[in-house]
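Asker: Quick one, fold the following:
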Amino acid sequence: MLSQPTSVKFDLGGGREVTLGTGKLARQADGAVTVSQGNCVILATVVANKDPKEGQDFFPLSVDYQEKFASAGRIPGSFFKREARLNDYEILTSRLIDRALRPLFPEDYLCDVQVLVSLISSDSEILPDSLACLAASAALAVSDIPVKEIISEVRIARVNGVFIVNPTRTELAASDLEFLIAATEKNLMMVEGEAKECAEADLVKALQLAHDAIRIQIKAQADLRAQLGITAVRDYKKPPQDEAVNEKVIAFAKQRVYDISRKGSAKNERSDAYAQLKDELIASLGTEITDLEKKLAKKYYEDLKWEVVRDMMLEDRIRLDGRQLDEVRPLAMETEPLPTPHGSALFTRGETQSLTTVTFGTKLDQLLMETANKSDYSNFILHYNFPPFSTGEVKMMRGVGRREVGHGNLAMRSLKQMMPGSEYAYTVRIVSDILESNGSSSMATVCAGSLALMDAGVPIPKHVSGVAMGLITRGDGKYAILTDILGDEDHLGDMDFKVTGTRDGICGVQMDIKVDGLSMEVMMEALEQARKGRLHILDAMYDCIPAARSEVKPHAPRMVKLIIDKEFIGAVIGPGGKVIQEIQRETGTTINIEEVGNTGEVSIFSASKEAVEKAVAWVSGITAVPKEGEIYEGPIKGIKEFGAFVEFMPGKQGLLHISEISWSRLETMDGLFKEGDVVKVKLVGVDPKTGKFKLSRKVLMPRPEFKPRAAHEAGSDDGSANNA
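Answerer: Below you'll find the model as predicted:
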């Protein structure tokens, strides 16, 4: 029998009511919930197969978040006019939900699970991604699919020093800190966000306030589940186990795994040793071993490695490559490894390497970022590529995956904190190609990107670096915090987190927490160790290039953006585009003008520095305001019997009256000037009624000495002048 509509409500604070509803939409799904706030409505559904696929040894969870354009009363702009593949924003939101949900399922649960979250009604001020994970968790809560706990997720931002849970779009635009945080009733699970150089203590405070808000949302989901009377979960087929095989694996391989792990060897050498030991282990089980026993032996071997390496770090305080827990791998970096890109850098940390380039473009190269609610353009783009050769593997190249999108986004939002504001004329594209990878290539991208930006001459004020951290804990209270984790160490830990920032604060965070009962004291210690690692890398980066180059490279395009009063836009364009076309033709530049509020943005672009300077002077002249008493120089544009018209500023003419040309009385303009002659004049007045400009040339000349008329005549009468 299909369920009846049921709902619960809770308050986010300040009268912002959120409603969870089920039983009305998508009733054949295992779980379906709508989350509503204002006009924003999100539908989340979850369906799980009853049994796992034969021989499956991993948990196949798929999460897709999609925004329906109809939710905002819009038609998609694609050729087919329908929603297509997920865009980057939807992929990033899907990843956030996936990372929060995945740890909830039992380790022996291997059935296919599909979570679909859709925005079906949009609100211009409500950010749907902060409600999407709540909807997905609620859909699981009202189903009989086995999950260990209920979770939720909120966004927290700081606006004018005040922390706000799930801010509006307007509030978020004014924030200096923003994090998306997922948690259970007791434990934080996932953190991702950015800040304008916040302190570690600010991050911890944000986590605490967010967790309080999450607990309210978890209670609402539990209330909804209780109203439906759901008390049990479905049975499921568990994967086979064989304790006898497990004991053989431990007896044969435990000590040898420990010996390999503590040797401090390089990645390839260690991997080869582990692989050889696995082959010897399988061979030791004899020829009578079944395929299932062989498969289980391989699984138990991986489990054994996980346990032995963790214990080694906790007890011996050493790591797989022999480093101390807080030691960063050897660093090597250089700028301008490539001659043609507008900026480039090569950053190597241990066995992780990023070759990063910076390319300048115009406003026409901006990236269109389209969501259901609105379309925005970005003049800062970062793309991250992770080819299979970077890990010595052979894989099909099938385009950019979700991992690449997520890693690139973390690097982008970190470097974005140091980018110049809207007055910067260039569109900037960073591309990070990972050439080697053994741990945290996203952090290598941040470091290489910062170096490449300075090499290109982008005026970023400070370097941004990043470091990936790990945490291993044990029930007896022992823990180990690892700085700059290896790829092999990444999956070993109970918390792995990436922290980026400058010398003055945090710019970006991505954190996944897998351990119960993690104290804020341990997290603060981990953040402080991350800060020290970040500063160590920053010192090396400043040694490589201490500041952004004062100019872009000779082969890079030049671009200048001028902000002018709105009233001058027409003057720069001219009738029918005559003026702007003349400027472009005479200077060899490309000029783009846009009206932005009460101002105009004039972007001037050329490969020649001189051409840009000439065009800037031309436009500046047109938009400058003449000042009475100032001296100007310009060509004569027309001659009349009463004077000459002088273009004393570009686009501005004034009358040089015949009486203002010379201190001598002139009867006619004949023979004095011709059109095109350049004269120096002074602006002596502006007619208050007509706005016409009055110019004078004679005031810039020495005034003739005055002689009294009587003395002059007396000298003439006695002939003294002739005698002299």
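
Asker: hey, let's count contacts and neighbours off CA atoms from now on
Answerer: Fine.

Asker: show me what contacts Asn592?
Answerer: Glu601, Val602, Ser603, Ile604 (C-alpha atoms under 8 Å, 6 or more residues apart in numbering).

Asker: hmm, 10 Å instead?
Answerer: With contacts defined as C-alpha atoms under 10 Å, 6 or more residues apart in numbering, Asn592 is in contact with Thr362, Lys363, Leu364, Lys561, Ile573, Ile580, Glu601, Val602, Ser603, Ile604, Phe605.

Asker: for Leu453, same thing?
Answerer: Contacts for Leu453 (C-alpha under 10 Å, 6+ apart) come out as 335, 342-345, 356-359, 415, 419, 428-430, 459-460, 463, 547-549.

Asker: buried ones in the longest helix that the chain contains?
Answerer: Secondary structure assigned by DSSP state H gives helix 200-228 as the longest helix of the chain. Neighbour-count burial for helix 200-228, with 16 or more other C-alpha atoms under 10 Å as criterion, is recorded at 200, 203-204, 206-207, 210-211, 213-215, 217-225, 228.

Asker: Same question for stretch 55-62.
Answerer: Buried-residue list, stretch 55-62, by 16+ other C-alpha under 10 Å: Asp57, Phe59, Pro60, Leu61.

Asker: now, which of those sits nearest Ser696?
Answerer: Distances from Ser696 to the buried residues of stretch 55-62, taken as C-alpha to C-alpha, are shortest for Leu61 (82.2 Å).

Asker: From what I see, the closest one and Leu101 are in contact.
Answerer: Yes - Leu61 lies in contact with Leu101 (C-alpha atoms under 10 Å); the separation is 9.1 Å.

Asker: Common neighbours of those two, please.
Answerer: Applying C-alpha under 10 Å, 6+ apart, one finds that Leu61 and Leu101 are jointly contacted by Val115.

Asker: Okay, now stretch 577-596: how far is its last residue from its first?
Answerer: With C-alpha to C-alpha, to the nearest Å as the measure, the first residue of stretch 577-596 is 19 Å from its last.

Asker: Pull out the buried positions in that stretch.
Answerer: Val579, Ile580, Gln581, Ile583, Gln584, Thr587, Gly588, Thr589, Thr590, Ile591, Ile593.

Asker: From the centroid of this protein, which residue is nearest?
Answerer: For the chain, the residue nearest the mean C-alpha position is Arg413 (2.5 Å; C-alpha atoms, centre = their mean).

Asker: in a helix, that's where it is, yeah?
Answerer: Yes - Arg413 forms part of a helix when assessed by DSSP: H, G, I helix; E, B strand; the rest coil.

Asker: picking that back up, mean confidence for the longest helix of the chain?
Answerer: On average, the pLDDT along helix 200-228 is 95.

Asker: I'd like the next helix or strand past it.
Answerer: Per DSSP states H and E, helix 200-228 leads on to helix 243-261 as the next helix or strand towards the C-terminus.

Asker: What is that next one packed up against?
Answerer: Helices and strands touching helix 243-261, by 3 or more C-alpha pairs under 10 Å, 6 or more residues apart in numbering; DSSP states H and E, are helix 267-284, helix 291-316.

Asker: Check the contact between Thr668 and His657; I expect there is one.
Answerer: No - taking contacts as C-alpha under 10 Å, Thr668 lies outside contact range of His657: 11.3 Å.

Asker: Of those two, give the one with the bigger neighbour count.
Answerer: His657 (19 against 12; other C-alpha atoms under 10 Å).

Asker: Could you pull up the contacting residues of that one?
Answerer: With C-alpha under 10 Å, 6+ apart, His657 has these contacts: Lys640, Glu641, Phe642, Gly643, Ala644, Phe645, Met669, Lys694, Leu695, Ser696, Arg697.

Asker: how many other residues sit next to the third one?
Answerer: Counted with other C-alpha under 10 Å, the neighbours of Phe642 add up to 13.

Asker: just to revisit the earlier point, kindly indicate the member of the contacts of His657 with the most neighbours.
Answerer: Result: Leu695 is most packed of these (other C-alpha under 10 Å), 29 neighbours.

Asker: Does that one belong to a helix, a strand or coil?
Answerer: Applying three-state DSSP: Leu695 is strand.

Asker: Repeat that for Ala157.
Answerer: Secondary structure, three-state DSSP: Ala157 is strand.

Asker: got a list of what the closest residue to it other than its chain neighbours touches?
Answerer: In this structure, Ala157 finds its nearest non-sequential neighbour in Glu178, 4.3 Å apart by C-alpha to C-alpha, 6 or more residues apart in numbering. For Glu178, the contacting residues are 155-159, 163-167, 172, 192-196, 203, 206, 508, by C-alpha under 10 Å, 6+ apart.

Asker: likewise Asp670?
Answerer: Ile639, Lys640, Glu641.

Asker: hang on, the second one packs against Val646?
Answerer: No - checked against C-alpha under 10 Å, the pair Lys640 and Val646 is beyond contact range at 11.6 Å.

Asker: which residues do these two both contact?
Answerer: Taking C-alpha under 10 Å, 6+ apart as the contact rule, Lys640 and Val646 both touch Leu655.

Asker: hmm, back to that, any of the contacts of Asn592 buried? List them.
Answerer: Neighbour counting by 16+ other C-alpha under 10 Å classes Thr362, Lys363, Lys561, Ile573, Ile580, Glu601, Val602, Ser603, Ile604, Phe605 among these as buried.

Asker: for the longest helix of the chain, the distance to its chain's centre please.
Answerer: Distance of helix 200-228 from the chain centroid (C-alpha atoms, centre = their mean, to the nearest Å) equals 27 Å.

Asker: Equivalent analysis for stretch 628-646, please.
Answerer: 53 Å.

Asker: Please renumber the chain so that the first residue is 155 from this point on.
Answerer: Renumbered: residue one is now 155, and that last one reads stretch 782-800.

Asker: End to end on it, go ahead and measure it.
Answerer: Distance across stretch 782-800, first residue to last, is 15 Å (C-alpha to C-alpha).

Asker: got the contact list for it?
Answerer: With C-alpha under 10 Å, 6+ apart, stretch 782-800 has contacts from 780, 801-804, 806-815, 821-824, 826-840, 847-851, 854.

Asker: Can you tell me the element the nearest residue to Ala290 once chain neighbours are set aside falls in?
Answerer: Closest residue to Ala290 apart from its sequence neighbours, by C-alpha to C-alpha, 6+ apart: Ala198 at 5.4 Å. Using DSSP H and E, Ala198 sits within strand 194-202.

Asker: partner strands of that strand, parallel or antiparallel?
Answerer: strand 185-191 (antiparallel), strand 267-275 (antiparallel) (DSSP bridges).

Asker: Put together CSV for those, with distance to Pro394, mean neighbour count and mean pLDDT on each row.
Answerer: Formatted as CSV, these follow (distance: least, C-alpha to C-alpha, whole Å; neighbours: other C-alpha atoms under 10 Å; pLDDT from 0 to 100):
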stretch, distance to Pro394, mean neighbour count, mean pLDDT
strand 185-191, 28, 26, 97
strand 267-275, 20, 21, 97
